[in-house]
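**Student:** Structure, please.
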Amino acid sequence: MLKGFEILTASQTHECLLKYREHGALRGKYLGFPNVHEFYTMSLPGVSDWTGYPQSGKTELLLEFLLNTSVFYGWKHLLFVPDVGSKEEIISLLIHKKTGKTFDKRYKSNYISESEVSQNLDWVLSHFHILNKIDEKAKITPYEFWDYGVNYSCQVHGGIQTMTIDSWKDMKHDRSMRDDQYLEDVLSYRNMIAEKYKMHIHTIIHPRGLGNEKNSKGERKVPGPDDLKGGSEWWNNGKNIIVVHRPEGSNNTTEMYVKKAKPKSVAKQGSCELYLDLVRYNYYHINENNQRVYAAQNYVQPIGLKIDEPDRKSTRLN
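**Tutor:** Here you go, the predicted model:
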């Protein structure tokens, strides 16, 4: 017998296979946009890697999807997002997305009031558990973050459904190993944690370069997994690999490319387009009547796709 392994038999797998049949293949949650749902859902368990050039909107889009899972389904999230900025910037961004009200005094007509801050702060921090660094010299490895998240989840009512690192460069990494060997080990560990504890783990990774490279049409090139440091290992160990891209010359068009989709029941390769409302800081899509539709307004089930109906009682307050 090979220690730590076994050969599957019919008797030991029959019951779990019948349960799998009853519940069906793994499906993820609807994130508020029919055009996104065709290509990507957020499942438990699951793993998603996000990349895109600076200012492409990858963090804003991921945070909006996480917010929608909290609004629709009550999900809770553990964030380590030093790349976003200070604790005030992180929390104000989430409140801005939830309320549509800005903390920027230049926009007086949409400037958030003290009472609106107070009304929304508890909700945001009860759904988004933000790991904040208080010692400038403190470092945390990906292993330590994911292990902490598993233990911390036991202390949270209803548990933690997702863990997010933004970005990979802000973590402490083992430099004694070759990059490819290290990535193979750390990403395999991450996949195991997600599967074992039924969590969705998100990682934001910056591509090499600043997006100055052009494609054959003279347009800003869309980055891919090969543009990441250790790209082949991200590709080999990744489940869902998502590229968020902002075309040159646009300040609110967001192209979302699903480059790798695994398992096939939660995502598929392809692309879609969303737009960022620069006042509300929410994303919307354009429907067949050329109207803006925001996620909180959109409860229409895409034809032919079985989705979980959002909890209408927890609709975002705008």
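
**Student:** what's the nearest residue to Tyr107 if we skip its chain neighbours?
**Tutor:** Closest residue in space to Tyr107, ignoring its immediate chain neighbours: Val279 at 7.0 Å, by C-beta to C-beta, 6 or more residues apart in numbering. Just so you know, the C-beta spots here come from the backbone N, C-alpha and C atoms, and that holds for glycine as well.

**Student:** what are the ranges of the helices in the stretch 1-150 of the chain?
**Tutor:** 10-23, 34-37, 58-73, 87-99, 114-127, 142-153 (DSSP state H, counting those that start in this stretch).

**Student:** got the buried residues for the longest helix along the chain?
**Tutor:** As assigned by DSSP state H, the longest helix anywhere in the chain is helix 179-197. Within helix 179-197, the residues that count as buried by 16 or more other C-beta atoms under 10 Å are Tyr182, Leu183, Glu184, Val186, Leu187, Arg190, Asn191, Ile193, Ala194, Tyr197.

**Student:** And for it, what's in contact with it?
**Tutor:** Contacts to helix 179-197, defined as C-beta atoms under 8 Å, 6 or more residues apart in numbering, come from residues 45-47, 142-143, 146-147, 150, 153, 173-174, 177, 199-201, 203, 229-230, 232-234, 236-239.

**Student:** go with 7 Å
**Tutor:** Contact partners of helix 179-197, identified using C-beta atoms under 7 Å, 6 or more residues apart in numbering, comprise 45-47, 142-143, 146, 150, 173-174, 200-201, 229-230, 233-234, 237.

**Student:** With stretch 149-166 instead?
**Tutor:** Contacts of stretch 149-166 (C-beta under 7 Å, 6+ apart): 44, 59, 62, 66, 74-81, 83-84, 129, 142, 145-146, 171, 193, 197, 199-204.

**Student:** how close does the residue positioned nearest the centre of the chain get to Thr51?
**Tutor:** Centroid-nearest residue in the chain, with C-alpha atoms, centre = their mean: Leu62, separated by 4.1 Å. Going from Leu62 to Thr51 by C-beta to C-beta, to the nearest Å gives 11 Å.

**Student:** related to what we said a few turns ago, ok, how many other residues are close to the residue nearest to Tyr107?
**Tutor:** 13 (other C-beta atoms under 10 Å).

**Student:** secondary structure class for Cys272?
**Tutor:** Per DSSP: H, G, I helix; E, B strand; the rest coil, the local secondary structure of Cys272 is strand.

**Student:** Setting aside sequence neighbours, what's the nearest residue to it?
**Tutor:** Using C-beta to C-beta, 6+ apart and skipping the chain neighbours, the partner closest in space to Cys272 is Asn35 (4.2 Å).

**Student:** Just to check, that neighbour is in contact with His285?
**Tutor:** Yes. Using C-beta atoms under 7 Å, Asn35 is in contact with His285, at 5.5 Å.

**Student:** ok, the two, which is more surrounded?
**Tutor:** Neighbours around Asn35 and His285, counted as other C-beta under 10 Å, are more numerous at His285. The numbers are 19 against 16.

**Student:** Tell me the one of the contacts of helix 179-197 nearest Glu136?
**Tutor:** Using C-beta to C-beta, His173 comes nearest to Glu136 of those, at 18.3 Å.

**Student:** Ignoring the adjacent residues along the chain, who's closest to that closest one?
**Tutor:** Per C-beta to C-beta, 6+ apart, closest to His173 is Tyr182, 6.6 Å.

**Student:** Great, nothing more from me.
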